[in-house]
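>>> Okay, sequence plus prediction incoming.
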Amino acid sequence: MGELARVWSVELHGVDGVPVEIEAAIGGGIPGVHLVGLPDAALNEAKDRVRSAVVHSGRRWPNERIVLALSPATLRKTGSRFDLALAAGVLAAAGAVPADRLAGTVLLGELALDGRLRPVRGVLPCLLAARDAGMSRAVVPRAALAEAALVDGLESYGAESLSEVLDWAAGNRSLDRVPPVTDAGPADPAPELADVIGQDDARRALEIAAAGGHHLLMVGPPGTGKTMLAQRIVGLLPRLGRPEALQLAAIRSVAGRLGESVPLSTLAPFVAPHHSASAAALLGGGSGVARPGAVSLAHRGVLFLDECPHWPASVLDALRTPLEEGEVRLSRAEGSVRYPARFQLVLAANPCPCAPPIDRDCTCRADARRRYTSRLSGPLLDRVDLRVAMQSVTRLVVQGPRGDDTATVRRRVIDARTAAGERWSEHGWRCNAEVPGTELRSRFPLPQAVLEPLEKRLRAGELSARGADRALRVAWTLADLAGSDRPDRHDVDAALYFRDRGAA
């Protein structure tokens, strides 16, 4: 009878990994493989994949009763990433592999029937969890080695097949390694803001949105530069810190979007799904365990919804919770997961279905215009801080000086973000858009004369309490851009101006 052997792998719960101990025991009954510990269908099928891979790797499969227990037993185990660990556990229990060589090593990878090691999703968050749990080494498919190298403090090895892993465990060969990766090289130049013709209000709103992390709606005829402006906001945003970049890379890894060449990108993401995308594509979903959607792939960056009135109203309204809470919660048969989703929302819309170059040429009936604009519900619009009405372009050659370029505006944005970060750092907020309204009113109260325009609009029923808080956050951003310590009456008036500008 073989001895009890222990190996390690990792289960993913959203972007959080949970180390899983796999115990393998051989003998004591009728030959067969028994997998316990709440495996899903894909994991249950691993018994046949693992046996075939072991045999085709030139090893003997034990013709005895094999029990494989995955702990914690109450945690649902999903996917095929456990194949390599299961095979190593069986052979270690049979005495074919030295068990001490596998101590402190996490094993990830799907096995083909001939023993080849196939890549799996979520290697990065799995290894982050393994490192935090005290593991010292990891063996992953060679295709995922660059991704594994993003994790500091963990020796990562890459293999092409089960046979290579077994020879390594026996001390007969070495496995591939790559040096740690820090961050990406110089990013491609961002689109130039100075290329946008005119649109002074929209350019100013874009700067305010970037400086404070505010949501933005642009309404105007086709060809006025809505998409051009949206694409240029990323060039104004600060680079991500390493923790944020790793978190974003972990989300992309779970979604299968990281690829094989993985320098750690510190550029804020820009995600622009088509209006035909489903709710699952936008928010996350799928059968089994839900995967991250566009809102999570845009974490710490920008989610751009062009032609937003063409989106189903129910899908747009589903954005309300992520906008408020900075995360999305998804419940499926295999369990509930939470994915981070703190993004800036940028919306673009035509004024009506026919969208002529000049508004006076509109041929839409009044009820058609109402149906078109009603896709953007009041509760969703109440969460949009800045609204801009785009003007038709009347000349192709700009007379006089062009608007500020990206580098100039970005310096102002970074200075404003730095001022806000220093002010809110002890409270854990990064920018003005994240500050709760109650905190602004209680800890950082403004004089009554400054708040008078807000209170007047509240009394008239023209502004909700949430809308007033959001206008107050924009006023703080305007003060930061101006280098002031606190907003004044002019900043509050300007915040209300940008809140009303696209209402029509």
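Perfect, thanks for sending it. Residues are numbered from 1 along each chain as shown.

>>> In the chain, where is pLDDT below threshold?
Along the chain, segments meeting pLDDT under 70 span 1-2, 179-189, 259-263, 287-288, 333-335, 358-360, 394-402, 501-504.

>>> neighbouring strands for the strand of greatest length in it, and are they parallel or not?
Secondary structure of the chain read by DSSP state E shows that its longest strand is strand 16-26. The strands that strand 16-26 pairs with in its sheet are strand 5-13 (antiparallel), strand 65-71 (antiparallel) (by DSSP bridges).

>>> so how far is the first one from its chain's centroid?
Taking Cα atoms, centre = their mean, to the nearest Å, the mean C-alpha location of strand 5-13 is offset from the chain mean by 25 Å.

>>> Give me the buried positions along stretch 25-44.
Residues of stretch 25-44 classed as buried by neighbour count (16 or more other Cβ atoms under 10 Å): 25, 26, 33, 35, 37, 38, 39, 40, 42, 43. The C-beta positions use only the backbone N, C-alpha and C, and glycine is treated the same way.

>>> And stretch 489-503, by the same measure?
Result for stretch 489-503 [16+ other Cβ under 10 Å]: buried residues 491, 492, 493, 494, 495, 496, 498, 499, 501, 502.

>>> Equivalent analysis for stretch 258-276, please.
258, 262, 264, 265, 266, 267, 268, 269, 270, 271, 272, 273.

>>> Restrict it to CA atoms and write it as CSV.
Extracted in CSV, the C-alpha atoms of stretch 258-276 (Å, rounded to 0.1, in the frame of the first residue of the first chain):
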residue,chain,number,x,y,z
LEU,A,258,-3.7,38.6,-20.6
GLY,A,259,-1.9,36.7,-23.3
GLU,A,260,1.5,35.0,-23.3
SER,A,261,3.6,38.1,-23.4
VAL,A,262,2.8,39.9,-20.2
PRO,A,263,4.8,43.0,-19.2
LEU,A,264,2.9,44.6,-16.3
SER,A,265,0.9,47.4,-17.9
THR,A,266,0.5,50.5,-15.8
LEU,A,267,-1.6,52.3,-18.4
ALA,A,268,-5.2,52.9,-17.3
PRO,A,269,-7.5,50.6,-19.3
PHE,A,270,-10.0,51.9,-21.9
VAL,A,271,-12.8,49.5,-22.6
ALA,A,272,-15.4,50.2,-25.3
PRO,A,273,-18.0,47.4,-25.8
HIS,A,274,-20.4,47.6,-28.7
HIS,A,275,-24.0,48.4,-27.9
SER,A,276,-25.1,44.9,-29.0
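
>>> circling back to that earlier point, just say which of the strands paired with strand 16-26 is most tucked in.
strand 5-13 (a mean of 23; mean count of other Cβ atoms under 10 Å).

>>> where do the helices sit along the stretch 101-250 of the chain?
Under the criterion DSSP state H, counting those that start in this stretch, helices of the stretch 101-250 of the chain are mapped to 123-132, 145-148, 162-169, 200-212, 226-232, 242-255.

>>> Could I get those helices in CSV, plus columns for distance to residue 366?
Below are the helices of the stretch 101-250 of the chain laid out as CSV (distance: least, Cβ to Cβ, whole Å):
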stretch, distance to residue 366
helix 123-132, 51
helix 145-148, 55
helix 162-169, 69
helix 200-212, 26
helix 226-232, 24
helix 242-255, 43
